[in-house]
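> model this:
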Amino acid sequence: MNKLLIINADDYGLTDAVAQGILRAHRDGAVTSTSVLAVGPAVRRTAAWLADEPELGTGAHLALVGEDPPVLTSREIPTLVTDDGRFPLTWRAFLARAVAGRVDPDDMEREFEAQLEKLTDECGLQLTHLDTHQHLHLWPSVARVVLALALRWNIGAVRLPTSHAHGPKGAGIRLLSRRLRARIRAAGLAAPEDYGGLDEAGDLTLPRFVRTLEQLAGSAAASIEINCHPGEAGDSARARYAWNYSWGGELAALTSPELADTIGRHGFRTGSYADLSVS
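Reported below is the predicted structural model:
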């Protein structure tokens, strides 16, 4: 059987232009799945647009970091927020707090549950999978909460990020990924067997996207996810986010004939997390 290829666009709901870019990358390009950011400023407005895209898989992009505020108040989740009531900006800042024992797993559970309720009850979404902003569920204490919520909410799949990079950072990510894989399997949940997008985050323009596909095509894995970050160029809200991601460049790659030809040449079977089976 041909490898299943899931091309998942993260951060749906971050801005109108990001949501529009993801939808165009699905309608006119290679995107088969998206992860919706409950804390995104545009999520309520743009979630309704997903009703017109029944073939686009939709998951939750759970957040404990970033520029946007949590769903719950700082009084409800005191260990997750800084003195100004906001999330830490980066995974590094979050992990520093977690390693120091300053993050309560119950606070994580309450905030993630509130994000899931917002996406399902308020926005009316049917969720195929869970993942996390900046891949925080690679960290064991976050993973435990995410997997417990997947089981409680009957969401059958979770992202399994990894790195193919050389050096200490790549090796550390692969170690965490192997441990996360074991936890996912023990919980009876599904995950793609191989993955790309972490090393290339924000820079999956066409040459790099093609190289990533070529590399993963040689994997023995039966299922692969590549996560990406498309958006319409010229987004007026871009200045709020200091990531310097090539949203327009990734959209151009995802809608290019060359990328479609590469997918076809390797015989990938494209789909969403709903097409995964438990290994």
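> can you pull the buried residues of stretch 234-247?
235, 238, 241, 245, 246, 247 (16 or more other C-beta atoms under 10 Å). (C-beta placed from N, C-alpha, C; glycine too.)
> tell me which entries of these lie within strands.
Members of the buried residues of stretch 234-247 lying in strands (criterion: DSSP state E): none.
> want to throw the residues you listed into JSON lines with distance to residue 89?
Shown next, in JSON lines, are these (distance: C-beta to C-beta, whole Å):
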{"residue": "235", "distance to residue 89": "19"}
{"residue": "238", "distance to residue 89": "16"}
{"residue": "241", "distance to residue 89": "10"}
{"residue": "245", "distance to residue 89": "15"}
{"residue": "246", "distance to residue 89": "20"}
{"residue": "247", "distance to residue 89": "19"}
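> tell me the least confident of those residues?
Among the buried residues of stretch 234-247, residue 238 has the lowest pLDDT, at 77.
> verify the stated contact: residue 110 with residue 71.
No: Residue 110 is beyond contact range of residue 71, at 9.3 Å (criterion: C-beta atoms under 8 Å).
> which residue packs closest to residue 213, ignoring adjacent ones?
residue 262 (5.2 Å; C-beta to C-beta, 6 or more residues apart in numbering).
> output the helix or strand containing residue 107 as PDB, nothing but the C-alphas.
Assigned by DSSP states H and E, residue 107 belongs to helix 105-117. This file holds the C-alpha atoms of helix 105-117, laid out as PDB (Å, rounded to 0.1, in the frame of the first residue of the first chain):
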ATOM      1  CA  PRO A 105      -0.400  19.800  35.400                       C
ATOM      2  CA  ASP A 106      -3.900  20.500  36.600                       C
ATOM      3  CA  ASP A 107      -3.600  24.000  35.200                       C
ATOM      4  CA  MET A 108      -2.500  22.600  31.900                       C
ATOM      5  CA  GLU A 109      -5.400  20.300  31.900                       C
ATOM      6  CA  ARG A 110      -7.900  23.000  32.700                       C
ATOM      7  CA  GLU A 111      -6.600  25.400  30.000                       C
ATOM      8  CA  PHE A 112      -6.400  22.700  27.300                       C
ATOM      9  CA  GLU A 113      -9.900  21.500  28.100                       C
ATOM     10  CA  ALA A 114     -11.100  25.100  27.800                       C
ATOM     11  CA  GLN A 115      -9.400  25.300  24.400                       C
ATOM     12  CA  LEU A 116     -11.100  22.100  23.300                       C
ATOM     13  CA  GLU A 117     -14.500  23.300  24.500                       C
END
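> before we move on, back to that, show me which of residue 110 and residue 71 is the more surrounded one.
residue 71 (21 against 18; other C-beta atoms under 10 Å).
> quick one: list the elements packing against the longest strand anywhere in the chain.
Longest strand of the chain, by residue count under DSSP E: strand 4-12. Contacts defined by 3 or more C-beta pairs under 8 Å, 6 or more residues apart in numbering; DSSP states H and E place strand 4-12 against helix 16-27, strand 33-36, strand 57-62, strand 223-228, strand 269-270.
> how about the ones you listed in TSV, adding distance to residue 81, mean neighbour count and mean pLDDT?
Formatted as TSV, the helices and strands packed on strand 4-12 follow (distance: least, C-beta to C-beta, whole Å; neighbours: other C-beta atoms under 10 Å; pLDDT from 0 to 100):
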stretch	distance to residue 81	mean neighbour count	mean pLDDT
helix 16-27	24	23	97
strand 33-36	22	28	98
strand 57-62	16	26	98
strand 223-228	26	25	97
strand 269-270	39	15	96
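> now these in CSV, with distance to residue 205?
CSV is the format used below for the helices and strands packed on strand 4-12 (distance: least, C-beta to C-beta, whole Å):
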stretch, distance to residue 205
helix 16-27, 13
strand 33-36, 19
strand 57-62, 22
strand 223-228, 10
strand 269-270, 20
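> between the ones you listed, which one is nearest to residue 170?
strand 223-228 (16.7 Å; C-beta to C-beta).
> how distant is that closest one from the center of its chain?
Offset of strand 223-228 from its chain centre (C-alpha atoms, centre = their mean, to the nearest Å): 10 Å.
> can you pull out the low-pLDDT segments for this protein?
Within the chain, the segments meeting pLDDT under 70 span 1, 278-279.
> try 90
1-2, 83-85, 202, 219, 233-246, 277-279 (pLDDT under 90).
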